[in-house]
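> Here's my sequence, what's the structure:
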Amino acid sequence: MKPAVIILTLNESKHIGRCLESLRLITDEIYIVDAGSKDDTLEIAQRFGAKVFHNPWVSYAKQFQWGLDNCGITAPWVMRMDADEYLEPELIREINEATIPDNITGIYIRRKVLFKGKWIRYGGFYPHTLLRIWRNGKGAIEQRWMDEHIVLSDGDTMMFREHLVDYNLNSIHWWVNKHNNYAIREMVDLLNVKYRFIENDSRLLQSETSQAKRKRFLKEKVYATIPPGGRAFLYFMYRYVLRFGFLDGYHGFVFHFMQGYWYRLLVDVNVKEFEVKLAGDKRREKVVELLKQDYNIAL
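Coordinates of the predicted model:
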């Protein structure tokens, strides 16, 4: 197997070399879709022989689909990677030696998440399985503002045994700013569950059973119905106590607290603030106008 790989970038000079160093051991067809990097991300990418494209950023889903539609990929398989991820040597070997049955159109890969050098093994964060490789023409990305997954048009799936690693090297200040932005995107998806002002992309919920499908169902059908504020606390307790997140030690506590409680609470505070601004006017026109005016989100 020799997949073509798409990576979205914006100022990723700290990570892109590490990512490409591992990818060049499985493919020579790598596409970078950049949203306007000011650092040397693109120079590093070109040194590795990656093909660079430019496209203005709207959302992750739109940017990735643009890459699928415009990079001119001819390889029989396509792979999705983030710039701050890399392949472990065992996964490189597994991909290079893989023999894929004809009925398989998608392949799941297990992901390890590292936070400040600590592998987050508990709290429901491992194993985290993601559909990352698919037959060319059989996969598309969900059109959502957050938590987008690849969905297949048909065929069966399989899973590789080995891992890719998600290890962001930026500071906690950067992490907080990133999740501040994520909270706004997550707010849009959560508001849409309630007010339905965007056409709902339900392809994941209609697909075969997967970890992503189960999580999406719980998020939209259970989590979204719990009163704001309380659900962030309950989610943190679920991860930290019931799923043994405390076994991840100090860095695990920081991660589970920040990602499982602080971030979720921040989303709820944004939702509440938005609804106060709506002042009871739930018309789609009002919601869209407010998102554009106060958050620069154009629907």
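> switch to C-alpha atoms for all contacts and neighbour counts from now on
Noted.
> Pull the distance from the strand or helix carrying V193 to the chain's centre.
Assigned by DSSP states H and E, V193 belongs to helix 172-195. Relative to the centre of its chain, helix 172-195 is centred 13 Å away, using Cα atoms, centre = their mean, to the nearest Å.
> what packs against the next helix-or-strand element following it?
Where DSSP H and E defines the elements, the next helix or strand beyond helix 172-195 is helix 211-221. Where contact means 3 or more Cα pairs under 8 Å, 6 or more residues apart in numbering; DSSP states H and E, helix 211-221 is packed against strand 128-135.
> got a list of contacts for the helix or strand bottoming out on mean pLDDT in the chain?
Lowest on mean pLDDT, DSSP states H and E among the helices and strands of the chain sits helix 211-221, with a mean of 79. With contact meaning Cα atoms under 8 Å, 6 or more residues apart in numbering, helix 211-221 is reached by H128, T129, L130, H149, V193, L204, L205, S207.
> quick one: buried residues of that helix?
Using 16 or more other Cα atoms under 10 Å as the test for burial, helix 211-221 gives A212, K213, R216.
> quick one: low-confidence parts of this protein?
For the chain, the stretches with pLDDT under 70 are 208-209.
> Which parts of it are strands?
Applying DSSP state E to the chain gives strands spanning 4-9, 30-34, 51-54, 77-82, 85-87, 104-115, 118-119, 128-135, 139-141, 150-152, 156-167.
> Extract the CA atoms of the least confident helix or strand of the chain and return them as CSV.
Extracted in CSV, the C-alpha atoms of helix 211-221 (Å, rounded to 0.1, in the frame of the first residue of the first chain):
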residue,chain,number,x,y,z
GLN,A,211,-16.2,4.3,17.9
ALA,A,212,-16.7,7.7,16.2
LYS,A,213,-20.4,6.8,15.6
ARG,A,214,-21.0,5.8,19.2
LYS,A,215,-19.3,9.0,20.5
ARG,A,216,-21.4,11.2,18.1
PHE,A,217,-24.6,9.5,19.2
LEU,A,218,-23.8,10.0,22.9
LYS,A,219,-22.8,13.6,22.3
GLU,A,220,-25.9,14.6,20.4
LYS,A,221,-28.5,12.4,22.0
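> Report the angle between it and helix 172-195.
Going by axes from the mean of the first three to the mean of the last three Cα atoms, to 10 degrees, helix 211-221 is angled at 60 degrees with respect to helix 172-195.
> Report the distance from helix 211-221 to the chain centre.
For helix 211-221, the distance to the chain centre is 14 Å (Cα atoms, centre = their mean).
> try stretch 206-226
Worked out by Cα atoms, centre = their mean, stretch 206-226 lies 15 Å from the chain centre.
> measure L130 to L247 for me?
For L130, the distance to L247 equals 24 Å [Cα to Cα, to the nearest Å].
> higher neighbour count, those two?
L130 (18 against 15; other Cα atoms under 10 Å).
> What's opposite the more buried one in the beta bridge?
L130 has these beta-bridge partners by DSSP bridges: I109.
> For the remainder of this discussion, apply numbering that starts at 179.
With 179 as the first residue, the last one maps to L308.
> Could you measure from it over to E275?
Per Cα to Cα, L308 is found 20 Å from E275.
> try E263
Distance, E263 to E275, using Cα to Cα: 21 Å.
> So for these two, which residue has more residues nearby?
For E263 versus E275, the count of surrounding residues by other Cα under 10 Å is larger for E263: 21 against 11.
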